[in-house]
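K.L.:
This is the structure alone, sequence omitted:
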């Protein structure tokens, strides 16, 4: 049976009208929004059955790819232990088990920093004497079709562990507290918690965030251990629907740093956790309209190290005394530590007792730099240094820095370098490789990553990362999978992935288009792909595709596009703008009904999106601009390529209804006969189903769909 003989589901039409700025839009499929309606669930199940039938000939290919991922993965493995407050903390993964196991082992104190901070040698195959299991995700997941671990926090006396779990996929977690001395759970259980947990220094209180009805974190609450959670006090509330609330701890763990922000500006306040009677103190007000983050030094009096964009779109680093901050603070009076540069984006900082650790982006790649605290902010301030990794395209990120450690930990990867963990000794500048993630049946010499530049319609040069096997004949056009995202200033950084090897080994060239709207080339790269410049994201991707054809990389009859979430919006847009360029399009949890969603501030996270896309409710220009590109509203009578929309019923970030409506309307309007399918994970969230094996199956499904479209499915009918 071929896809042409399988009857696709036809959604009924129930016309509803939306009127804004004198414009009326009639929506026949809005009824699919009500997931409490059995008819909606029945429709999604019919769609899944249709998808299963259309892709049945890909089943063996999916199994092959899954087995290749599994065979290459060293399933029983161990993270590099990290020392904190007298313990080594690490994570185990075990063959056959989908979730990780969080462990710890007491550390020795010999007085020799090198010995005390060198991680112990622990076998991944066996437990070690004295090892404590903090959380076994496999045990917690038993009996649940979905499981995700949210925030975790260990009290400063190391006796209590707070953790959150989600068993539905909607990112509303339940908070538990475990006494690590007895292994028993405390009676304190708090429902409806979001990401982010922190104990007070005395371990008597725990701070957490709560979301509102639109899934926006808007409150920070404090729970006193042993009391009724219903009586938990409100610490801070963010009433602006366009601001996202969160918190972190200062380097000395004595201050709660509270941040409200969006993609354009933020506000930071602090709460002294050593004083139960303390009140929240404003540090940097939102009235300055600064994007910024604050670190507090441990010295007395404390100083603030501020990463900010005051007259510095790529950010600069400044120093201020705490008494200089507050409602009337003046950024021009702060002392400059690291000046703004057009070619370097300062992403953020961490603090040790001797250095400021900088995360920066240069030449599209994330890097680590160090600035000594000695003489900081004076004429004797020492220069910034940077570890050298000897590779052109890579990602290096600081992942551990604290006041007690004589070193920092750096994660490192590139497109064909499996994840590495380095320790960098601050006193000697020695870079020590602690581990490279083992990969079975893999030789990095068999693969190549190169950089090319496409030319956008306005002449802008768009970086492309081209990944392939080294033995691929570059003089012959190849089947290509091109991936893009291009939103929220998120960069598609170099990183190793085992699943991708299954594509490359079949001769596919995998291309990442670093389009505007991302952050690869600094703040302006993002600004040129948002709000009233959003269409640059879409035309950049199309220009990247045309570059691949024009330079001979891509066989024009065999190009698949892939993107998810905001990258799914990109997929929907290119389907409308250039449907004939693509053999197939895979849209993962796609934001394809963007205008309709953002017009309803009651929907999850909609109001937060106004700083990314503009506010179409109040601004007619934004409304008409968004309507001109929103994928669902621009479906036309053209032959669309083969399309797969993949979603999850319980996703709270991009609701399942968006791809469900999109697919229904695409099928109604298309003049072509290529199959258009909707695959809904009925027990998943924004990231799909839970557990590593289900994740591998999801990736295998996507890649098998792509390979089938590219003519590389041995099970396809010819």
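P.N.:
Arrived safely, thanks for sending. Just so we're clear, the structure is a prediction, and the values are computed from it rather than from any experiment.

K.L.:
Please, where are all the strands along the stretch 501-650 of the chain?
P.N.:
509-513, 554-564, 584-588, 642-648 (DSSP state E, counting those that start in this stretch).

K.L.:
List the contacts of stretch 117-133.
P.N.:
76-78, 80-83, 88, 90, 92, 101-107, 180, 405-407, 423, 434 (Cβ atoms under 8 Å, 6 or more residues apart in numbering). All C-beta atoms are positioned from the backbone trio N, CA, C, and that covers glycine.

K.L.:
7 Å - rerun?
P.N.:
76-78, 80-81, 83, 88, 90, 92, 101, 103-106, 180, 405-407, 434 (Cβ atoms under 7 Å, 6 or more residues apart in numbering).

K.L.:
do stretch 296-303 as well
P.N.:
Residues from elsewhere that reach stretch 296-303 (Cβ under 7 Å, 6+ apart): 250-252, 255, 304-305, 319-322, 351, 403.

K.L.:
Among the residues you listed, which one sits closest to residue 528?
P.N.:
Closest approach to residue 528 among the contacts of stretch 296-303 (Cβ to Cβ): residue 305, at 29.5 Å.

K.L.:
Filter the contacts of stretch 296-303 down to just the ones in strands.
P.N.:
255, 304-305, 319-321, 351 (DSSP state E).

K.L.:
are any of those buried, and which?
P.N.:
Neighbour counting by 16 or more other Cβ atoms under 10 Å classes 255, 304-305, 319-320, 351 among the ones in strands among the contacts of stretch 296-303 as buried.

K.L.:
Would you convert those residues into TSV that also reports distance to residue 706 and pLDDT?
P.N.:
Shown next, in TSV, are those (distance: Cβ to Cβ, whole Å; pLDDT from 0 to 100):
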residue	distance to residue 706	pLDDT
255	49	96
304	49	97
305	46	97
319	50	97
320	51	97
351	44	96
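
K.L.:
which two in those are spaced the farthest apart?
P.N.:
For these, the maximum inter-member distance is 16.8 Å, found between 255 and 319 (Cβ to Cβ).

K.L.:
re earlier: I only care about the contacts of stretch 117-133 that end up buried; give me the PyMOL line for that.
P.N.:
Command for PyMOL, covering only those of the contacts of stretch 117-133 found buried under the criterion 16+ other Cβ under 10 Å:
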select buried, resi 77+78+80+81+83+88+90+92+101+103+104+105+180+405+406+407+434
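
K.L.:
Remind me what the longest strand belonging to the chain packs against, helices and strands.
P.N.:
As assigned by DSSP E, the longest strand anywhere in the chain is strand 184-199. In terms of contacts (3 or more Cβ pairs under 7 Å, 6 or more residues apart in numbering; DSSP states H and E), strand 184-199 is packed against strand 148-154, strand 160-166, strand 173-179, strand 205-211, strand 217-224, strand 244-249.

K.L.:
I'd like the average pLDDT over the fourth one.
P.N.:
Model confidence over strand 205-211, given as mean pLDDT, is 96.

K.L.:
so what strands line up beside it?
P.N.:
Applying DSSP bridges to the sheet, strand 205-211 is found paired with strand 184-199 (antiparallel), strand 217-224 (antiparallel).

K.L.:
Sort out which residues of the first one are buried, please.
P.N.:
Which is strand 184-199. For strand 184-199, burial by neighbour count (16+ other Cβ under 10 Å) applies to 188, 190, 193-194, 196-199.

K.L.:
Need the worst-confidence member of the residues you listed.
P.N.:
residue 196 (91).

K.L.:
From one end of stretch 292-305 to the other, what's the distance?
P.N.:
Using Cα to Cα, to the nearest Å, the end-to-end distance of stretch 292-305 comes out at 10 Å.

K.L.:
Dump the buried ones among the ones in strands among the contacts of stretch 296-303 into a markdown table; add distance to residue 40 as well.
P.N.:
Converted to a markdown table, these look like this (distance: Cβ to Cβ, whole Å):
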| residue | distance to residue 40 |
| --- | --- |
| 255 | 47 |
| 304 | 51 |
| 305 | 51 |
| 319 | 56 |
| 320 | 54 |
| 351 | 50 |
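
K.L.:
and of those residues, the nearest to residue 461?
P.N.:
Nearest member of those to residue 461, counting by Cβ to Cβ, is residue 305, at 34.5 Å.

K.L.:
what bridges to the closest one?
P.N.:
According to DSSP bridges, beta-bridge pairing links residue 305 with residue 295, residue 319.

K.L.:
Could you verify my assumption that it touches residue 349?
P.N.:
Yes. The pair residue 305 / residue 349 is scored as a contact, 6.2 Å apart, by Cβ atoms under 7 Å.

K.L.:
Residue 482 contacts residue 513, doesn't it?
P.N.:
Yes. Counting by Cβ under 7 Å, residue 482 does reach residue 513; the two are 5.9 Å apart.

K.L.:
The two: which is more packed in?
P.N.:
Taking other Cβ atoms under 10 Å, residue 482 and residue 513 do not tie; residue 513 has more neighbours (28 against 25).

K.L.:
Could you check how far that one is from residue 394?
P.N.:
19 Å (Cβ to Cβ, to the nearest Å).

K.L.:
Then residue 561?
P.N.:
26 Å.
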